[in-house]
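S.K.: how does the following fold in three dimensions:
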Amino acid sequence: MAACNGSKDGQDSILEPLCFPEQPADDSGAPRLQRPSAELLVCLFCSESVPLKQKDVLLKHLLLQHKLVIADVKLIADLPKYMLYWKGRFLEQPVTDFCSVIKTNSTGPVEKQEDYFLLCDVLPEDRILREKLQQKRLEEVLEQQQKERDDSSFRRLCMFCSEEFSGNRSSLLNHMAREHSFSIGLPDNIVYCDAFLDTLQSKLDNLQCLYCEKTFRDKTTLKDHMRKKAHRRINSNNHEYDCFYVINYLELGKTWEEVQSEDDRELADDEDDDWSDWQSHPVSAVCLFCDHQSETMDQIHTHMKDTHDFDLHKLRIELNLRFYQQVKLVNFIRRQIHQSRCYGCQEKFDSREDVVRHIVAESHVMKLPEMSTWDQPQYYFPTYENDALLCTLSDNDESDEVNHGEDIPVIAEDVSNLRELKQTSVLNQLLKNRGSCS
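M.R.: Numbering: from 1, shown residues only. Below is the predicted model of the structure:
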């Protein structure tokens, strides 16, 4: 329900999602779960070497020429360094000191028996090496992620509407999620963001659907397909995207779904119901006129009254406001100040600071327009999604209903003349109006 930019009179929609701010390098790197393809893989026994992209060639060479198998190659975070380490160790000691020996055709003739060597993490030295490489890779990824978080030189066009965004990457990602219903996840969960967006843009440039990856004849057909089929999303089963999510670096060989399911099982198996160490985090309510925050309603009321001469309690009593009317009033004032407009006289200003100065200078702080202006259903919706001030409003509806109920007399309806009652019933007028409209 995001607002459109071209609203009437420059006003944004009342349903536009806003949020108060929470309390408190340009090396993008290459997206990879392995090292860059420019690095070479060396044979553990001879001078043979191949690029990383051709690792299957070297693994086949090790098997056929040297009878050696490396277990779980895909779980090795840095294969080139792994190979270099063991190449050095094999020069120091024989292979049999490190590898399990597997004899093939053990019941057959001796001349047909062959010894194969298995290098795996059953060996403590191998397991420690794999863990160190994995830890180093995770540190590199987290460091890259932090660089992207702090980078303010980002500049890129939205791939759907060509609107330009600069500064932090999250502005573009949040825009695509909000305006185009296309979400690739929370910005803090993504790494190598530029390369990720390049990959997605390349698919769109090639007229390829991002979800089903079918190719279409033109952009219009592609857009219609993605909209109608709800394909404005990426396919989680496409492992091409794994390298762009930090969770996939936590345990190599496990997908984000497997890691997440393990976390869920741990929560389900946790039988410790002791909540004694629970620490609640206070929610701060923000002033209607400035950025001051307070943890209780009394504190925020005192601040607004002493600093801005705004007394919400007084307005509630004078206007006899019920709970939801208070909600509407707060949302109305929030919206007007967000739009840099005085809620008392409707004069428009260039900034929020200007309108607040005007409200104070002209004594419009307690000047409200007619109740019909702000007591509207559209102001049920909060101007700011995390507006804690709404949660601290006084709810006296029940007591009011009880008090008012005691004072309101109940008068029985006169049903002595039913025919006249039917002829003068308001239902007849409603039915006539409905008939004329149709």
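S.K.: which phi and psi does L79 have?
M.R.: phi -60, psi -40 (degrees, to the nearest 10).
S.K.: give me the residue at the spatial middle of the chain.
M.R.: The residue lying closest to the centre of the chain (Cα atoms, centre = their mean) is L186, at 3.2 Å.
S.K.: measure that residue to M297 for me?
M.R.: When distance is defined by Cβ to Cβ, to the nearest Å, L186 is 32 Å away from M297. All C-beta spots, glycine's among them, are computed from the backbone N, C-alpha and C.
S.K.: ditto for F289
M.R.: F289 sits 16 Å away from M297, going by Cβ to Cβ.
S.K.: so if I had to pick from those two, which one is more boxed in?
M.R.: Shown here are F289 and M297; by other Cβ atoms under 10 Å, F289 has more neighbours (20 against 17).
S.K.: three-state assignment of the more buried one?
M.R.: At F289, secondary structure determined by DSSP: H, G, I helix; E, B strand; the rest coil is coil.
S.K.: test my guess that it contacts H358.
M.R.: No: applying Cβ atoms under 8 Å as the test, F289 and H358 come out as separate, 11.4 Å apart.
S.K.: residues in contact with R130?
M.R.: 75-77, 82, 121 (Cβ atoms under 8 Å, 6 or more residues apart in numbering).
S.K.: I'd like the residues you listed as a markdown table, with secondary structure, distance to D311 and pLDDT appended.
M.R.: Shown next, in a markdown table, are the contacts of R130 (DSSP: H, G, I helix; E, B strand; the rest coil; distance: Cβ to Cβ, whole Å; pLDDT from 0 to 100):
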| residue | secondary structure | distance to D311 | pLDDT |
| --- | --- | --- | --- |
| L75 | helix | 65 | 84 |
| I76 | coil | 68 | 88 |
| A77 | coil | 62 | 86 |
| Y82 | helix | 70 | 93 |
| D121 | coil | 70 | 89 |
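S.K.: who's in contact with A71?
M.R.: Applying Cβ under 8 Å, 6+ apart, the residues contacting A71 are 118-121.
S.K.: most neighbours among those, which one is it?
M.R.: Highest neighbour count within the contacts of A71, by other Cβ under 10 Å: L119, with 20 neighbours.
S.K.: wait, what's in contact with it?
M.R.: Neighbours of L119 in contact, by Cβ under 8 Å, 6+ apart: 68-71, 86, 98-99, 126.
S.K.: put together a markdown table for those, with distance to Q336 on each row.
M.R.: Converted to a markdown table, those look like this (distance: Cβ to Cβ, whole Å):
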| residue | distance to Q336 |
| --- | --- |
| L68 | 75 |
| V69 | 72 |
| I70 | 68 |
| A71 | 67 |
| W86 | 70 |
| F98 | 74 |
| C99 | 75 |
| D126 | 67 |
